[in-house]
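predicted model and sequence follow; I will ask about them next.
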Amino acid sequence: MLHIGCHLSSSAGFAAMGRQAQALGADTFQFFTRNPRGSRAKPLDTADAAALAELLARQGFAPIIAHAPYTLNLCGTEEKNRLFARETMADDLARMEHIPGQYYNFHPGSHVEQGTEAGVALIAEGLNAILRPEQTTTVLLETMAGKGSEVGSRFEELREILDRVELPDKLGVCLDTCHVSDAGYDIIGDLDGVLAEFDRIIGLHRLRAIHLNDSLNPRGARKDRHARIGEGCIGLEALARIVNHPALTRLPFCLETPNELPGYAAEIALLRSLTD
Ligand code: FE
Ligand code: FE
Ligand code: ZN
C-alpha cells in the first residue's frame with residue numbers, strides 16, 4: 001500500500017496534525033519544527049507529543065518527517081551562523097526523541113563563495129557535532145535543486161557528506177522529485193537510470209523518503225519552484241511511475257505542492273488511485 005501524506009502546519013499541535021493527516025487520507029506527513037524564518041520553538045508539550053506517537057503506532061503510519069527551518073546553514077560563511085544551525089538542529093533532535101523513530105529532514109546548506117568541497121566538509125563537521133549514538137531519529141539529507149550555491153544537487157555531494165560522518169547509520173536521504181529534476185536528473189525519461197545512479201553512488205538503502213512534487217520548470221532549470229501534481233514539467237505519468245516503482249513503494253511519499261488542505265486530499269486520493 002502506498003504511504004502518502006503532505007506538508008501540514010504544526011500550529012495546532014502534534015496530535016492535531018495526526019488527526020488532520022487521517023482526515024486527508026494520509027498515513028504520513030511533514031511539518032516544520034519551528035517557523036522557517038524565526039528561531040524560537042514553543043516549549044515542547046510532552047503529552048501532545050506522546051499522543052501523536054500513540055496515534056502513529058495505532059494507525060500504522062509510515063515514519064513522519066520533521067523538516068528543519070530552511071534558513072539554517074551548516075556551511076554558512078560566518079561561524080556564528082554555522083553554530084546557530086547546529087544548536088537549532090540539536091534542539092530539534094532532542095525534541096524529536098519524544099516522538100521516537102521518525103525522520104528529521106534538512107537542506108544540507110549553501111556554501112556561498114566557499115566552494116562545494118568546503119561546504120561538504122563543514123556540513124559533515126556540523127553533523128558530527130550533533131548526531132548521537134542513542135538517538136532514534138534518522139536525519140535525512142534532502143536532494144537539492146542546485147539554486148545558488150546549494151550543496152546536495154549531485155548525488156556525489158551527498159555521498160561525500162555521508163563518507164565524512166562518524167555515525168552514518170543515523171543518516172539517510174530524502175529525494176525531492178522537483179529538486180532532482182531541476183538539478184538535471186532525467187526522472188521523466190529514465191527513472192531506472194537515475195535510481196541506478198543513486199544506488200551506485202549513495203546506495204538505495206539510504207533512501208528513506210520522497211518529496212513528491214511537480215516542477216514549474218524543465219529539467220536542469222535549478223529553480224526550485226514546486227507545482228501541483230500533473231500541473232508541471234514532470235507530469236502525472238512520470239510521477240505515477242515514481243509511486244509505483246518497485247524500489248520506492250515501501251517509502252513514505254510527502255507532497256509539498258502549492259495546495260490548501262482540500263487540494264492535498266485530492267492529490268492523495270489521485271495518487272492512491274494510481275497504485276494498487
Ligand atoms: Fe525541503
Ligand atoms: Fe522538498
Ligand atoms: Zn523545494
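Sure thing, it's come through. Residues are numbered from 1 along each chain as shown. Ligands and ions are numbered 1, 2, ... in the order given.

where does the stretch 1-150 of the chain have low pLDDT?
38-39 (pLDDT under 70).

now the strands for it?
3-7, 28-32, 65-67, 103-106, 109-110, 138-142, 150-151 (DSSP state E, counting those that start in this stretch).

of these, flag the one that's most buried.
Of all those, strand 150-151 carries the top mean neighbour count, a mean of 26, counting by mean count of other C-beta atoms under 10 Å. The C-beta positions use only the backbone N, C-alpha and C, and glycine is treated the same way.

quick one, helices of the protein?
Secondary structure of the chain by DSSP state H: the helices cover 14-23, 46-58, 79-96, 116-130, 155-164, 177-182, 191-201, 236-243, 261-273.

who in the stretch 51-200 of the chain is up against ligand 2?
Residues of the stretch 51-200 of the chain lying near ligand 2 by C-beta under 5 Å from the ion: Asp176.

and the residue of the stretch 51-200 of the chain that's closest to ligand 2?
Asp176 (3.7 Å; C-beta to the ion).

my guess is that residue contacts Glu142, does it?
Yes - at 5.8 Å, Asp176 counts as touching Glu142 under the criterion of C-beta atoms under 8 Å.

before we move on, the earlier item: could you measure from the residue of the stretch 51-200 of the chain closest to ligand 2 over to Thr28?
15 Å (C-beta to C-beta, to the nearest Å).

before we move on, back to that, burial measure for the residue of the stretch 51-200 of the chain closest to ligand 2, as a count.
For Asp176, the count of nearby residues is 26 (other C-beta atoms under 10 Å).

report the beta-bridge partners for the closest residue to it other than its chain neighbours.
Spatial nearest neighbour of Asp176, chain neighbours left out: His211 (3.8 Å); criterion: C-beta to C-beta, 6 or more residues apart in numbering. His211 has these beta-bridge partners by DSSP bridges: Asp176, Cys254.

how about His211, what does it touch?
By C-beta atoms under 8 Å, 6 or more residues apart in numbering, His211 lies in contact with Gln30, Glu142, Cys174, Leu175, Asp176, Thr177, Cys178, His179, Cys254, Leu255, Glu256.

in JSON lines, list the residues you listed along with distance to Phe106.
Formatted as JSON lines, the contacts of His211 follow (distance: C-beta to C-beta, whole Å):
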{"residue": "Gln30", "distance to Phe106": "12"}
{"residue": "Glu142", "distance to Phe106": "7"}
{"residue": "Cys174", "distance to Phe106": "9"}
{"residue": "Leu175", "distance to Phe106": "14"}
{"residue": "Asp176", "distance to Phe106": "12"}
{"residue": "Thr177", "distance to Phe106": "18"}
{"residue": "Cys178", "distance to Phe106": "17"}
{"residue": "His179", "distance to Phe106": "13"}
{"residue": "Cys254", "distance to Phe106": "14"}
{"residue": "Leu255", "distance to Phe106": "19"}
{"residue": "Glu256", "distance to Phe106": "14"}
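
and of those, the nearest to Arg19?
Ranked by distance to Arg19 (C-beta to C-beta), the contacts of His211 are led by Gln30 at 15.7 Å.
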